[in-house]
Structure formats: structure tokens, C-alpha cells
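In: Make a model of this:
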Amino acid sequence: MNRSFRRIVTGIDVDGKSRLVDDSLIEQRDLGNFNFWMSEAGGGGRGERLPFFPPPGGAIYRVVRLPPPDPTMPPEDFDRLVEEFFTGIGSPDCRVDTSRHPLMHVTPTTDYIMLLEGEVSLLLDKGDPIPLRRFDAVVQRGTNHTWLVTGPSPAVFLAVMVGAH
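Out: Next up, the predicted model:
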């Protein structure tokens, strides 16, 4: 099923009055992301062709849709997809310690995340995977982590990623 989300962007006109700037459907982009908006340090913003990580002082507002694992996928195909994913986000060097899972990574951001649907666990360097329920919120502060989809359907997150210095 193709999914889209409606994005409404407001602004202020030359008379100082609020107005509609954009009302559009956002389709899924690369890597299961629906990018709504990026605010940049200094107040600018844009809604198209966003990088995966915001610049320091900027923020990205997105929905992330992670598929469940495919148990029939050969390990070499999974390894290739992992490499393609991290190369695709422009940050293959964010994989600092993958000893617990090949998708472990560190982001140059503080992320505010809420699980909207699906079943998923957060895996960190230490401790058991942390199962999340619908509407659980995570403040991910630049730590090594990955998301383990544990249910039969995709996990869908709402995320605001703030670029760190």
C-alpha cells in the first residue's frame, strides 16, 4: 500500500497576517522516510529534498517506516542492504560499534521519537532490548542504538531530529 501524509505549512504575509503557504501530500522517500520539514539555524526552512541528518542547530520533522525483518533473506543480501542504507544516508561512519547488531549506529542529533504503530524494541549497547508500545516516546541523545521490528507489520515512528554541535 502506498502511503502519504498531508503537510500543511503556514506563514506570515507582508501585512503580518497568517496564511497558508503549502498544502500537499508527502510521499514516502528513500529509506522509508516521509520528510515534512527542515528548520535551519537562523530561522530558514524548507520542505523538499532534505538530507537525512539536519545541520547543527537545525531540525528535521519526519515519519519513519521500518519494515519487519525478512527471515528468508540470505545474510549476504542483508549485509548489502545495511551498507546501502548507511551509504544512502551519507553517513557510513556512524556505525561505530555493531557488535550487538549490524544496524547499530550513532547519529549527530538529539531525536524526539514516538512510536505510532507496529511493534519495535530499542537496542542499546547495554541491557536487554527495550520494547515500545504505541505512543511511547524516546529521547535519543546521540547514543549507539538500533530499532528491532518485532511484529509482522512495519513500525511507524514520528521523529524530530535536532542537529547537534
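In: starting at the chain centroid, how far to the lowest-mean-pLDDT helix or strand in the chain?
Out: Scoring the helices and strands of the chain by mean pLDDT, DSSP states H and E places strand 45-46 at the bottom, with a mean of 78. The chain centre lies 17 Å from the centre of strand 45-46; the measure is C-alpha atoms, centre = their mean, to the nearest Å.
In: Find the residue closest to the residue nearest the centre of the chain in space, skipping its chain neighbours.
Out: Centroid check for the chain by C-alpha atoms, centre = their mean gives Val64 as the closest residue, at 4.6 Å. Distances taken as C-beta to C-beta, 6 or more residues apart in numbering place Phe157 nearest to Val64, at 4.6 Å, with adjacent residues excluded. Yep, even glycine has a C-beta here, placed from its N, CA and C like the rest.
In: right, and Met161 touches Val139 too?
Out: No. Taking contacts as C-beta atoms under 8 Å, Met161 lies outside contact range of Val139: 11.6 Å.
In: and the residue lying closest to Gly163 once chain neighbours are set aside, how many neighbours?
Out: Ranked by C-beta to C-beta, 6+ apart and with sequence neighbours excluded, the top spatial neighbour of Gly163 is Pro54, at 4.0 Å. Per other C-beta atoms under 10 Å, the neighbour tally for Pro54 reads 22.
In: where along this protein do the strands fall?
Out: 4-12, 18-27, 33-39, 45-46, 59-66, 109-117, 120-124, 130-132, 137-141, 145-149, 155-163 (DSSP state E).
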